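A.B. asks: I would like the atomic coordinates for the input below:
(chains A and B)
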Amino acid sequence: MSSTTETPSGSLALVPTHEERMLRETVAGICRGYGPAYSRRKHAAGEPPTELWDVLAEKGFLGVNLPEEWGGGGLGMSALAAVGEEITAAGSSLLLIVVSPAIVGSILARHGTADQKDLWLRGIAAGTTKVAFAITEPDAGTNSHNLSTSLERQGDRFLLRGQKTYISGVEHADAVLVVARSRLPDGTLGLPSLCLVDVDAPGFTREKIPMPYIGPDHQWTLFFDGVELDEERLIGGEGGGLGPVFDGLNPERIMGAAVACGAGRRALARASAYANERVVWGKPIGTHQGVAHPLAEAKIELELARLMTQKAAALYDAGAPGAGEASNMAKFAAAEAAIKCVDRSIQAHGGNGFALEYELSDMWWGVRLTRTAPVSREMILNYVAEHSLGLPKSY
Amino acid sequence: MDLTLSPSEEAFRDELRAWLADNHPGEDPPDDDAAFEHRRVWQKRLHEAGYAGFSWPKEFGGRGATLVEQALFGEEMARAKAPQPVNVLGMVMGGPVVIAHGDDTQKERFLRPILSGDEIWCQGFSEPESGSDLASLKTRAVKSNGEWVVTGQKVWTSYAHKAKWCMLVARTDPDAQKHAGLTYFIMDMDQEAVQVRPLRQITGEAEFNELFIEEARIPDENVVGGVGNGWSVAITTLMHERAGLGASAAAGMRVALAELSELAHERGVTGDPVVRQKLAQLTIEVELLRLNAWRGLTAIMKTGVPGPEGSVVKWQWGELNQSLTELAVDILGEDGALWDSPWTYRFLRARANSIEGGTTEILKNIVAERVLGLPKLR
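C.D. replies: The predicted structure is shown next:
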């Protein structure tokens, strides 16, 4: 991020560079071997998608956004978003890419101390360390000011207590970056801190949240019952978590948008192929405008969403104002477009849209999830109404 | 909800249908004033045949029609493409208020000329700064020497330039809570202190007006329902306005759909899959509107008061009329941009449907609060 007072110049290449094309083709090529059959197999066995993670990490794709100094690719969120999109476009699923390099990596790169970066960021950039992210609680979902997980100082140590829920991919992670509020001497809760907690730390337990099939990864409720932490585990220091958290949210939204776009691409590719080959009344069904137009409309919305996602990434990478607005808009647009693409693809497939063989039902809950997470459609509309349009705050 | 008609209801419908066939006044002439007089004649003819003030009790010159008969009347009028009688606001809103809240002198004075069309009524509710939030209105009425002196401004007043009487809601107690402190008056439009300025609209007509009221006089005997009760008097008329119009609105949409389908045939686009799908969708929505309108009537028959169904019907109708006229203009292609087709007028006029008579946003709030039981916003 530029520290000068000049307006940073972000650039958005409308014609993909050779570098971007190579990146996309290589990721897509790798992922072809880890499509829906692989994801289903892993999910059924209760195992994380380790092989896919490792092969992408080995080639450096999972730290492509992070600074070169710490072993990353130095290509920013634009490149990581391209990787995320290609993964889902190939029918693969790797939820932790939204979390470990995008949220936690971005936070550490901007706010970690040199020691913390050496210990954590280097591993995240290499993909050898995976860190999940825990902010939402049963009584503090959208309203993160209401968090009640607490961090209490005891001499030179800290004790973490509380509960988190809807935390992704913890079974695949080495540690979790937890948002907790300082317990003040008078017993009330103060400003948030960010702390890194090992998944096997004493006092840290978790419970799987049963869900329909979304992908190989699972969602968890976490319990912290007096987990002990050193000061080196705090990113941004005691009570200094608020700024860092915000620096992780935009990358999360950009990645949410990117993976939704990839799924939308896949759904439309499937639908087009099917509508060309399926013949009813002597003609491919794609001849009928009742089939063709809904797909064409979804394609337009998808391309608009992809463009907005790329813009959001370019603004973020340039440290330019408007990155937050663009990230929110991209997440909104991509979720809606992806849902439309999958829904219309299912419709074009008739009964086959529901058969496991056609792999469309695998995508349904995944894209539907993006309307709700990482930030709900309604909260984005609130944001745009208030910040983009200057309308009064509604809550 | 029983959608089959009793033998007497069927007989009524057949008689009405035959009467409409014999007495249909024909289309309005193009000139606005001439069209108005044409509709006044139509109103008189309806009145002579006992079809004006159809829902009013017999003692006030009405027919004491049941709700089903009222619905049938609205449907048959729409089906026959009969024009609106000229004094629709007097019959649907003003008269029922006088009947429900007026004293004997008022009933004697005001009711019959409403039905005959000799005295046209307009409604002075909305103000430039009080649209959906009617209770915030600012027009003031002060009592002085036994009469009321009114100053303020009203807007979107249909028929004001033709009206003899205005149903006016004004603030009589500025210190009372918003909803208290309002009074319902019948104001004589025929005075210098009331200036009417027409509002030219997107269709080129001036259906609506602004009223500038500068110390207009209203005698005390023209207060309806007592000083300070204006809100409850006004609100009953609004609820009846929505409840009563459902069936005829639904029937009107059925007629419009048939006309649209005819247009599609004329223009040779019935083979276009997109047009076909949109027509099919509209057909489904027209039928839903009809069923919801009848459901609303059923609720009134059971409980005696209009329920929130009226809000759903108004909302559905507005969206439906907009989609229907949009499709018509799509079918017309470039001709849709010209004035020659009546659809162009209907398309432009439909824009207001989601605003007039309760905005779609307000109607959704009513549904959220009264049907779903969600917390009140205000």
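
A.B. asks: ok, how many other residues are close to the residue in the stretch 201-350 of chain B that chain A sits nearest to?
C.D. replies: Ranked by C-beta to the nearest C-beta, the top residue of the stretch 201-350 of chain B for proximity to chain A is residue B:273, at 4.4 Å. C-beta coordinates here come from the backbone N, C-alpha and C atoms, glycine included. When neighbours are counted by other C-beta atoms under 10 Å in any protein chain shown, residue B:273 registers 14.

A.B. asks: list the contacts for it?
C.D. replies: Taking C-beta atoms under 8 Å, 6 or more residues apart in numbering or on different chains as the criterion, residue B:273 is in contact with A:288, A:289, A:290.

A.B. asks: As TSV, those residues with pLDDT would be great.
C.D. replies: Listed next are the contacts of residue B:273 as TSV, based on pLDDT from 0 to 100:
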residue	pLDDT
A:288	92
A:289	92
A:290	91
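
A.B. asks: rewinding a little: what does the residue of the stretch 201-350 of chain B closest to chain A show for phi and psi?
C.D. replies: When read as degrees, to the nearest 10, the backbone of residue B:273 gives phi -60, psi -30.

A.B. asks: Next, work out how far apart it and residue B:36 are.
C.D. replies: 44 Å (C-beta to C-beta, to the nearest Å).

A.B. asks: how about whichever helix or strand residue A:379 is part of as CSV, C-alpha atoms only?
C.D. replies: Secondary structure from DSSP states H and E places residue A:379 in helix A:377-383. Taking C-alpha atoms only, helix A:377-383 is exported to CSV below (Å, rounded to 0.1, in the frame of the first residue of the first chain):
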residue,chain,number,x,y,z
ARG,A,377,-27.0,-9.4,0.7
GLU,A,378,-29.1,-7.2,3.0
MET,A,379,-26.1,-5.8,4.8
ILE,A,380,-24.5,-4.9,1.4
LEU,A,381,-27.6,-3.0,0.4
ASN,A,382,-27.4,-1.2,3.7
TYR,A,383,-23.8,-0.3,3.0
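
A.B. asks: quick one: average pLDDT of that helix?
C.D. replies: For helix A:377-383, the mean pLDDT works out to 96.

A.B. asks: so how far is that helix off the chain centroid?
C.D. replies: Taking C-alpha atoms, centre = their mean, to the nearest Å, the mean C-alpha location of helix A:377-383 is offset from the chain mean by 18 Å.

A.B. asks: and that helix, which residues are buried?
C.D. replies: Neighbour counts using 16 or more other C-beta atoms under 10 Å in any protein chain shown place A:380, A:382, A:383 of helix A:377-383 among the buried residues.

A.B. asks: Pick out whichever of these sits closest to chain B.
C.D. replies: Of the buried residues of helix A:377-383, the one sitting nearest to chain B (C-beta to the nearest C-beta) turns out to be residue A:382, at 14.9 Å.

A.B. asks: residues near the residue nearest to the closest one when sequence neighbours are not counted, how many?
C.D. replies: Once flanking residues are discounted, residue A:382 sits nearest to residue A:394: 6.0 Å by C-beta to C-beta, 6 or more residues apart in numbering or on different chains. Neighbourhood size, residue A:394 [other C-beta under 10 Å]: 9.

A.B. asks: In the stretch 1-150 of chain A, mark out all the helices, start to finish.
C.D. replies: A:18-31, A:36-45, A:50-58, A:76-89, A:96-97, A:106-111, A:114-116, A:122-126 (DSSP state H, counting those that start in this stretch).

A.B. asks: do chain B as well
C.D. replies: B:7-23, B:32-48, B:67-79, B:88-89, B:95-101, B:104-116, B:230-266, B:273-303, B:309-332, B:342-350, B:360-366 (DSSP state H).

A.B. asks: For the nearest residue to residue A:90 once chain neighbours are set aside, list the residues it contacts.
C.D. replies: Distances taken as C-beta to C-beta, 6+ apart put residue A:31 closest to residue A:90, at 3.5 Å, once the chain neighbours are dropped. Each residue near residue A:31 by C-beta under 8 Å, 6+ apart is listed here: A:52, A:56, A:86, A:87, A:90, A:91, A:92.

A.B. asks: One more: residue A:171?
C.D. replies: Contact analysis of residue A:171 by C-beta under 8 Å, 6+ apart lists A:48, A:217, A:218, A:220.

A.B. asks: Can you tell me the SS state at it?
C.D. replies: For residue A:171, the assignment made with DSSP: H, G, I helix; E, B strand; the rest coil gives helix.

A.B. asks: do the one 10 residues further on as well
C.D. replies: At residue A:181, secondary structure determined by three-state DSSP is strand.

A.B. asks: mind listing what the spatially closest residue to it that is not a sequence neighbour touches?
C.D. replies: Excluding its sequence neighbours, the residue lying closest to residue A:181 (C-beta to C-beta, 6+ apart) is residue A:189, at 4.2 Å. The contact partners of residue A:189, by C-beta under 8 Å, 6+ apart, come to A:147, A:148, A:150, A:181, A:182, A:183.

A.B. asks: Tell me what residue A:189 is bridged to.
C.D. replies: Here residue A:189 shows beta-bridge partners residue A:183, assigned using DSSP bridges.

A.B. asks: Tell me how far it lies from chain B.
C.D. replies: Between residue A:189 and chain B the computed distance is 28 Å (C-beta to the nearest C-beta, to the nearest Å).

A.B. asks: Please check the contacts of residue A:189 and keep the buried ones.
C.D. replies: For the contacts of residue A:189, a burial check counting by 16+ other C-beta under 10 Å picks out A:147, A:150, A:181, A:182, A:183.

A.B. asks: isn't the fourth one right up against residue A:151?
C.D. replies: Meaning residue A:182. Yes - counting by C-beta atoms under 8 Å, residue A:182 does reach residue A:151; the two are 5.5 Å apart.

A.B. asks: Between those two, which contacts overlap?
C.D. replies: In contact with both residue A:182 and residue A:151: A:193, A:238, using C-beta under 8 Å, 6+ apart.

A.B. asks: Now do the same for the residue of the stretch 1-150 of chain A found nearest chain B: its pLDDT.
C.D. replies: Chain B sits closest to residue A:143 of the stretch 1-150 of chain A, with a gap of 16.8 Å, by C-beta to the nearest C-beta. pLDDT recorded at residue A:143 is 80.
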